[in-house]
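S.K.: Got a predicted structure plus its sequence, pasted below:
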There are 2 protein chains.
Amino acid sequence: MTIKGRLAERALGVEKYLEGCLRNRGIPDSLLQAMEYSLLAGGKRLRPVLTLAWATMLGGDAERVMPFAASLECIHTYSLIHDDLPAMDDDDLRRGRPSNHKRYDEATAILAGDGLLTESFVLMTEASLIRGLPAERVLRAVSVLAVAAGSGGMVGGQAVDMEFTGRAEVALDELRAMHAMKTGALITAACECGAVLAGASERDVENAREYGRAVGVAFQIVDDVLDVVGDTGTLGKPAGSDEAMGKSTYPALVGLDRSRELAEGYAKEALERLSSYNGSEKLFLADLSRYIVDRVC
Amino acid sequence: MTIKGRLAERALGVEKYLEGCLRNRGIPDSLLQAMEYSLLAGGKRLRPVLTLAWATMLGGDAERVMPFAASLECIHTYSLIHDDLPAMDDDDLRRGRPSNHKRYDEATAILAGDGLLTESFVLMTEASLIRGLPAERVLRAVSVLAVAAGSGGMVGGQAVDMEFTGRAEVALDELRAMHAMKTGALITAACECGAVLAGASERDVENAREYGRAVGVAFQIVDDVLDVVGDTGTLGKPAGSDEAMGKSTYPALVGLDRSRELAEGYAKEALERLSSYNGSEKLFLADLSRYIVDRVC
């Protein structure tokens, strides 16, 4: 099966868990609807899949890790909802459908995001409280993920991105640092948490983290490239929106060819972090790092 | 010393911790400023103080519990920032100063709230990872607090409150249920987490929870009453804003006198939950439940 097919197959397992994970939690109907509208809107489920693959490769139990893996998708989804708000990137379209505040309203979108972020931590604890992973491991993983998603990570990256938008000059170093926070931190944490939850050695945890870091940068560069060369139908969001918003991107700073080269370099770095492992999960993670560079959406 | 003085003294200890708790975390300057603008704007620090008092009364170590206690103030602050947003309650004033989005801008206020919410979970984990509380206890407390703050608790309560606003008829039961989520859940969790972090018995945890539940309702009723009878200077927010926004309140539904009676009843309920304890913390918690009813701001 192609890597795209294998990724889709794994995404399906995550999907199934996500479909039930907000039910029977006493969430008011209208709020639940808005949360699920965005959470169940498809997507590659890349972050949970990374957590599960790293955990499994290092001897962990995917069933037990699942609630934690799903929490990464909740966090990712909340960040998309809030980023799309009129006060932020003001995007009307997300994954080919109206963005959350267009489908509902701004207040609901803010609360749906807040709700998804908070429920993500409920899910994390359930990896121990319901599925029996050791509390020490889960608490350490909660810390890793909260730091990555927080104001020194993803949230801080969005703040810096807003500052950059429309600014005349942004250096490549600044752009790289911003992306490391905005998109890199969560992808890195996805891999690292998988290793932590598997009870892996510090060496393995480091490999997971560095694989995630490399894959995260590659992912962002390709995102920037696709915004230039992709089309709206395939992307599920308006192509060319970065340029229209005056956003600094890799293609704008170093051109398309050099951007692709850079992405290739990071994919290779990721691959090197897998050299001491074997088996189907290693193959999957290796193919995934290639796919992230070769993807067209 | 009066209970107001004792509360202020304890708030000072929390304040000192809060002043440093976001530093050296790699938060971009402008975002950190906006987060601290609201976090360090004063306030009674009621929720952390409740956590610390319950933990101490049940044999816990206040020093170790402090990061977790502080996380409650981060969550409370984030909820105020988001509630004040134009799309929500559209409040220009908070604690006598411009609200976060007035002082900065909407995007920053959304991100400051997201940041505070996420950092709160970093702080919670530090009660174990840095201050050495057992991971099992902290993880259970994280779960209690995340459920309370989430879409079946505080966030859900705000969503229901928005639905109620301007609606012709809201029954007392509906109002009570909404407040139990919007303000009650976090106050309840503050007490419950204190007991959990102290490693208390299930019986003690239940007492803490029910004390918190009663105090939470009393607090909300008095809040509603003060919005009618208080003045803008003392409250730090516009008096009469509930009525102006068409919000359902206890005074509007049952009148001022009956509202005060109800608050008294809940304070008495809270007191009963303390009957099996002794010492200075019991006295403090008993006086606090009275103060919540008698306060004027």
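M.R.: Nice, thanks for sending it over. Residues are numbered from 1 along each chain as shown, chains lettered A, B, ... in the order given.

S.K.: CA atoms for contacts and neighbours, from now on please.
M.R.: Fine.

S.K.: how distant is the strand or helix carrying A:Glu261 from the center of its chain?
M.R.: Under the criterion of DSSP states H and E, A:Glu261 resides in helix A:256-272. Centre-to-centre, helix A:256-272 and its host chain are 19 Å apart (C-alpha atoms, centre = their mean, to the nearest Å).

S.K.: go on, stretch A:68-86?
M.R.: That offset, for stretch A:68-86, works out to 8 Å (C-alpha atoms, centre = their mean).

S.K.: Then stretch A:72-89?
M.R.: Distance, centroid of stretch A:72-89 to centroid of chain: 11 Å (C-alpha atoms, centre = their mean).

S.K.: Extract the C-alpha set from that stretch and format it as CSV.
M.R.: Presented in CSV, the C-alpha positions along stretch A:72-89 are these (Å, rounded to 0.1, in the frame of the first residue of the first chain):
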residue,chain,number,x,y,z
LEU,A,72,-3.1,16.3,19.8
GLU,A,73,-5.8,16.6,17.2
CYS,A,74,-8.0,18.5,19.6
ILE,A,75,-5.2,21.0,20.2
HIS,A,76,-4.5,21.3,16.5
THR,A,77,-8.2,21.8,15.7
TYR,A,78,-8.6,24.5,18.4
SER,A,79,-5.6,26.4,17.0
LEU,A,80,-7.1,26.3,13.5
ILE,A,81,-10.4,27.6,14.8
HIS,A,82,-8.8,30.5,16.7
ASP,A,83,-6.3,31.3,13.9
ASP,A,84,-9.2,31.6,11.4
LEU,A,85,-11.0,34.3,13.5
PRO,A,86,-11.6,37.7,12.0
ALA,A,87,-9.2,39.3,14.6
MET,A,88,-6.5,36.8,13.5
ASP,A,89,-6.1,35.5,9.9
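
S.K.: what residues does it touch?
M.R.: A:38-39, A:45, A:47-48, A:90-92, A:99-101, A:106, A:109-110, A:112-114, A:116-117, A:119-120, A:149, A:158, A:162, A:186, A:190, B:106-107, B:110 (C-alpha atoms under 8 Å, 6 or more residues apart in numbering or on different chains).

S.K.: May I see the buried residues of that stretch?
M.R.: A:72-85, A:87-89 (16 or more other C-alpha atoms under 10 Å in any protein chain shown).

S.K.: Give me the subset of those lying in helices.
M.R.: A:72-84 (DSSP state H).

S.K.: okay if I get the residues you listed as TSV plus pLDDT?
M.R.: Formatted as TSV, those follow (pLDDT from 0 to 100):
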residue	pLDDT
A:Leu72	98
A:Glu73	98
A:Cys74	98
A:Ile75	98
A:His76	98
A:Thr77	98
A:Tyr78	98
A:Ser79	98
A:Leu80	97
A:Ile81	98
A:His82	98
A:Asp83	96
A:Asp84	97
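
S.K.: and which of the residues you listed is nearest to B:Lys247?
M.R.: Ranked by distance to B:Lys247 (C-alpha to C-alpha), these are led by A:His82 at 26.4 Å.

S.K.: returning to that earlier point: please list only the buried members of the contacts of stretch A:72-89.
M.R.: The buried subset of the contacts of stretch A:72-89 (16+ other C-alpha under 10 Å) comprises A:38-39, A:45, A:47-48, A:91-92, A:99-101, A:106, A:109-110, A:112-114, A:116-117, A:119-120, A:149, A:158, A:162, A:186, A:190, B:106-107, B:110.

S.K.: for chain A, what are the low-confidence residue spans?
M.R.: Scanning chain A for pLDDT under 70 picks out A:231-239, A:297.

S.K.: The same query, at a cut-off of 50, please.
M.R.: Along chain A, no part satisfies pLDDT under 50.

S.K.: which helix of it spans the most residues?
M.R.: Taking DSSP H as the criterion, chain A has its longest helix at helix A:202-229.

S.K.: Could you tell me which residues within that helix count as buried?
M.R.: In helix A:202-229, counting by 16+ other C-alpha under 10 Å, buried: A:204-228.

S.K.: Now do that helix: which elements does it pack against?
M.R.: Where contact means 3 or more C-alpha pairs under 8 Å, 6 or more residues apart in numbering or on different chains; DSSP states H and E, helix A:202-229 is packed against helix A:172-179, helix A:185-197, helix A:241-244, helix A:250-254, helix A:256-272, helix A:279-294.

S.K.: got the residue ranges for the helices in the stretch 1-150 of chain A?
M.R.: Secondary structure of the stretch 1-150 of chain A, counting by DSSP state H, counting those that start in this stretch: helices at A:3-21, A:29-39, A:46-57, A:62-84, A:100-103, A:106-129, A:135-149.

S.K.: out of those helices, which comes closest to A:Glu281?
M.R.: Between the helices of the stretch 1-150 of chain A, helix A:46-57 lies closest to A:Glu281; by C-alpha to C-alpha that is 5.3 Å.

S.K.: quick one on the thing from earlier: figure out which of the helices of the stretch 1-150 of chain A is closest to B:Leu285.
M.R.: helix A:106-129 (28.7 Å).

S.K.: isn't A:Arg95 right next to A:Ala41, touching?
M.R.: Yes: the pair formed by A:Arg95 and A:Ala41 meets the contact definition of C-alpha atoms under 8 Å, at 7.2 Å.

S.K.: Settle it for me: which of these two has more neighbours?
M.R.: Ranked by neighbour count (other C-alpha atoms under 10 Å in any protein chain shown), A:Arg95 and A:Ala41 place A:Arg95 first, with 17 against 13.

S.K.: Now the more buried one. Its backbone dihedrals?
M.R.: According to degrees, to the nearest 10, the main-chain angles of A:Arg95 amount to phi 50, psi 40.

S.K.: So it versus B:Leu12, what's the distance?
M.R.: Per C-alpha to C-alpha, to the nearest Å, A:Arg95 is found 48 Å from B:Leu12.

S.K.: what residues does the stretch 151-297 of chain A put near chain B?
M.R.: Contact residues, the stretch 151-297 of chain A versus chain B (C-alpha under 8 Å from any C-alpha of the partner chain): A:151-153, A:155-156, A:158-160.

S.K.: What about those, which are in helices?
M.R.: Using DSSP H, those in helices are A:155-156, A:158-160.

S.K.: Out of these, grab the one that's most surrounded.
M.R.: That'd be A:Val155 among those, by other C-alpha under 10 Å, with 30 neighbours.

S.K.: Now tabulate the ones in helices among the buried residues of stretch A:72-89 in a markdown table and tack on distance to A:Ala195.
M.R.: Putting those into a markdown table (distance: C-alpha to C-alpha, whole Å) gives the following:
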| residue | distance to A:Ala195 |
| --- | --- |
| A:Leu72 | 15 |
| A:Glu73 | 18 |
| A:Cys74 | 20 |
| A:Ile75 | 19 |
| A:His76 | 20 |
| A:Thr77 | 23 |
| A:Tyr78 | 24 |
| A:Ser79 | 24 |
| A:Leu80 | 26 |
| A:Ile81 | 28 |
| A:His82 | 29 |
| A:Asp83 | 29 |
| A:Asp84 | 32 |
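
S.K.: Wait, A:Ala11 touches A:Val49, no?
M.R.: Yes: counting by C-alpha under 8 Å, A:Ala11 does reach A:Val49; the two are 6.6 Å apart.

S.K.: And those two? Which one has more around it.
M.R.: Neighbours were counted for A:Ala11 and for A:Val49 using other C-alpha under 10 Å; A:Val49 has more, 27 against 19.

S.K.: got the contact list for the residue of the stretch 151-297 of chain A found nearest chain B?
M.R.: The nearest approach of the stretch 151-297 of chain A to chain B comes at A:Gly152, 4.2 Å away (C-alpha to the nearest C-alpha). A:Gly152 sits next to A:181, B:25-28 when contact means C-alpha under 8 Å, 6+ apart.

S.K.: cool, A:Glu210 as well?
M.R.: If you count contacts by C-alpha under 8 Å, 6+ apart, then A:Glu210 has A:188, A:270, A:273 around it.

S.K.: nearest to B:Val293, of these?
M.R.: Nearest member of those to B:Val293, counting by C-alpha to C-alpha, is A:Thr188, at 48.6 Å.

S.K.: Excluding sequence neighbours, find me the nearest residue to the closest one.
M.R.: A:Gly212 (4.0 Å; C-alpha to C-alpha, 6 or more residues apart in numbering or on different chains).
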